[in-house]
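Enquirer: what follows is a predicted protein model with its sequence.
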Amino acid sequence: MKLTILGGGGFRVPLVYGALLGDRAEGRVTRVVLHDLDAERLSAVTRVLAEQAAGIPDAPRVTATTDLDEALTGADFVFSAIRVGGLEGRAHDERVALAEGVLGQETVGAGGIAYGLRTVPVAVDIARRVARLAPDAWVINFTNPAGLVTEAMSRHLGDRVIGICDSPVGLGRRIARVLGADPREAWIDYVGLNHLGWVRGLRVAGRDELPRLLADRDLLGSFEEGKLFGVDWLRSLGAIPNEYLHYYYFNREAVRAYQAAEKTRGAFLKDQQARFYEEMRRPDAHALQAWDRTRAEREATYMAENRETAGAGERDTDDLSGGYEKVALALMRAIARDERTTLILNVRNRATLSVLDTEAVIEVPCLVDANGAHPVAVAPLPDHATGLVCAVKAVEREVLAAAESGSRTTAVKAFALHPLIDSVNVARRLVEGYTAVHPGLEYLK
Ligand code: G6P
Ligand code: MN
């Protein structure tokens, strides 16, 4: 089985390869093709993978190429994990927004819109090529903003593209643990958009255990989301929001804390990862050691950099190491071997949320088998959540329209309609600011 990884020179690729090395079962991936635009990054990551595979006789064979069509041809699975504009682009996304007094974050608010506008045209080009060169392949989209990018690709690939995120499963696991339940036994009633969803229930043996958590102040205050959102607010909501909803519910505090921070998350990661790729220029460098050291530094700063406002604790490392790559591998196995499982994924709505149309990509528990991911029926969202979901989906649709038409006016509309952008004039200046710094936005006329 051939797996192609787009963004193959990316820093997280060794996590994926590590997960593949742990898969001993029949029908596993035997060939990995890494694709990246940057040959130097490709060679750095290839060296890390070679050291990971040392001593494992049947490790998946790894090749690397900068030719996209060659990488895609004959692929059974494609992991799309690109970052258009690199971490420098992410740092610009953050900075331009913060200078306007609005949230500058990778996937939420102004930063997420800028990132989406840059990424959608590239993702659409990839989707078209996959449809032509590997029409039977399944595309697993890691690329952020994952919901929006998955929807853009689904217009060309239908249900053969599935978006993933590690945050819902991490949240479900934390809730299960704090309730003393086995996360593998729990059914998580979660729905929304990517980075914009709520856990409304957690059923163990047919019983909803979430009311027990909401009723117990000590228990509720003891875990990450309890600290992040505060016990009283969680009780008011009657649900546990995805951690990214902190940017909505505590927007002012988040913006101020980000403005006060010495470096944005993107700028921090850019410098940190540059050191890794720099070190890999030395032919005698220990690739795996260098990568592992950088990864440990990144994990140590995770919560401190990201959520300083709430004084939340450490992100438990299990959520990082059990993150994206585990979800991706579980999804790939379920499809490739018809091993039925349930995963929270980004797929087309069909009739799941009646307030959205059938083509809207949402994040929801899905039954997965050889025929793909099928969203399960869920209870409707409460009105306040429906309001946010519809507003943000409307913004995503404007981003998709702007990417398709190249219209600057439509791009302004996307920013202006976002609930976290409080003036049309701010939206206009954001478009000016972003087009000035991003070569990937030159298409906006
Ligand atoms: C979580 C989200 C991802 C996001 C990442 C950012 O894992 O689910 O979508 O990309 O955090 O992490 P970073 O270390 O790059 O700030
Ligand atoms: Mn995510």
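Expert: Perfect, I can see it now. Ligands and ions are numbered 1, 2, ... in the order given.
Enquirer: when you work out contacts or count neighbours from here on, use the C-alpha atoms and nothing else.
Expert: Noted.
Enquirer: which of the helices or strands spans Arg203?
Expert: Using DSSP states H and E, Arg203 falls within strand 196-204.
Enquirer: hmm, that strand touching ligand 1?
Expert: No: using CA under 6 Å from any ligand atom, we find that strand 196-204 stays clear of ligand 1, coming within 10.9 Å at best.
Enquirer: helix or strand right after that strand?
Expert: From strand 196-204, the next helix or strand downstream (DSSP H and E) is strand 207-208.
Enquirer: got the contact list for stretch 280-287?
Expert: 44, 47-48, 51, 279, 290 (CA atoms under 8 Å, 6 or more residues apart in numbering).
Enquirer: buried set for that stretch?
Expert: Neighbour counts using 16 or more other CA atoms under 10 Å place 280, 287 of stretch 280-287 among the buried residues.
Enquirer: then stretch 21-41?
Expert: Quick answer for stretch 21-41 (16+ other CA under 10 Å): 21, 28-29, 31-37, 41.
Enquirer: what's the lowest-pLDDT member of those?
Expert: Lowest pLDDT of these: Arg28, 94.
Enquirer: so that one is in contact with Met1, correct?
Expert: Yes: in this structure Arg28 lies within contact range of Met1 using CA atoms under 8 Å: 6.7 Å.
Enquirer: which residue lies nearest the spatial centre of this structure?
Expert: Per CA atoms, centre = their mean, the C-alpha nearest to the average position across the chain is that of Cys165, at 4.5 Å.
Enquirer: that one against Pro145, yeah?
Expert: No: using CA under 8 Å, Cys165 is not in contact with Pro145; the gap is 10.0 Å.
Enquirer: need the overlap of contacts for the two.
Expert: Common neighbours of Cys165 and Pro145 are listed as Asn194 (criterion: CA under 8 Å, 6+ apart).
Enquirer: sketch out the low-pLDDT regions of the stretch 201-350 of the chain for me.
Expert: 302-322 (pLDDT under 70).
Enquirer: skipping adjacent residues, who's closest to Asp182 in space?
Expert: Ala176 (6.3 Å; CA to CA, 6 or more residues apart in numbering).
Enquirer: tell me the contacts of the one you found?
Expert: Here Ala176 is in contact with 182-183, 186, 202 (criterion: CA under 8 Å, 6+ apart).
Enquirer: now that we have these, which one has the most neighbours?
Expert: Within the contacts of Ala176, most neighbours by other CA atoms under 10 Å means Leu202, with 24 neighbours.
Enquirer: flag every residue of this structure that's near ligand 1.
Expert: Counting by CA under 6 Å from any ligand atom, the positions of the chain adjacent to ligand 1 are 165-167.
Enquirer: so which of these sit within helices?
Expert: Among those, DSSP state H puts Ser167 in helices.
Enquirer: relative to Lys227, which of the residues of the chain next to ligand 1 is nearest.
Expert: Closest approach to Lys227 among those (CA to CA): Ser167, at 16.6 Å.
Enquirer: residues near the closest one, how many?
Expert: Neighbours of Ser167 (other CA under 10 Å): 20.
Enquirer: quickly find the element holding Arg128.
Expert: Going by DSSP H and E, Arg128 is in helix 109-133.
Enquirer: list the buried residues of that helix.
Expert: 109-124, 126-131, 133.
Enquirer: turn the buried residues of stretch 21-41 into JSON lines, columns for secondary structure.
Expert: Shown next, in JSON lines, are the buried residues of stretch 21-41 (DSSP: H, G, I helix; E, B strand; the rest coil):
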{"residue": "Leu21", "secondary structure": "helix"}
{"residue": "Arg28", "secondary structure": "coil"}
{"residue": "Val29", "secondary structure": "coil"}
{"residue": "Arg31", "secondary structure": "strand"}
{"residue": "Val32", "secondary structure": "strand"}
{"residue": "Val33", "secondary structure": "strand"}
{"residue": "Leu34", "secondary structure": "strand"}
{"residue": "His35", "secondary structure": "strand"}
{"residue": "Asp36", "secondary structure": "coil"}
{"residue": "Leu37", "secondary structure": "coil"}
{"residue": "Arg41", "secondary structure": "helix"}
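Enquirer: biggest separation within these, which pair?
Expert: Arg28 and Leu37 (27.0 Å).
Enquirer: rewinding a little: out of the contacts of Ala176, which one sits closest to ligand 1?
Expert: Ligand 1 lies nearest to Pro183 out of these, by CA to the nearest ligand atom, at 18.5 Å.
Enquirer: need the contact list for the closest one.
Expert: Residues in contact with Pro183 (CA under 8 Å, 6+ apart) are 172-173, 176-177.
Enquirer: I am finished for the moment; much appreciated.
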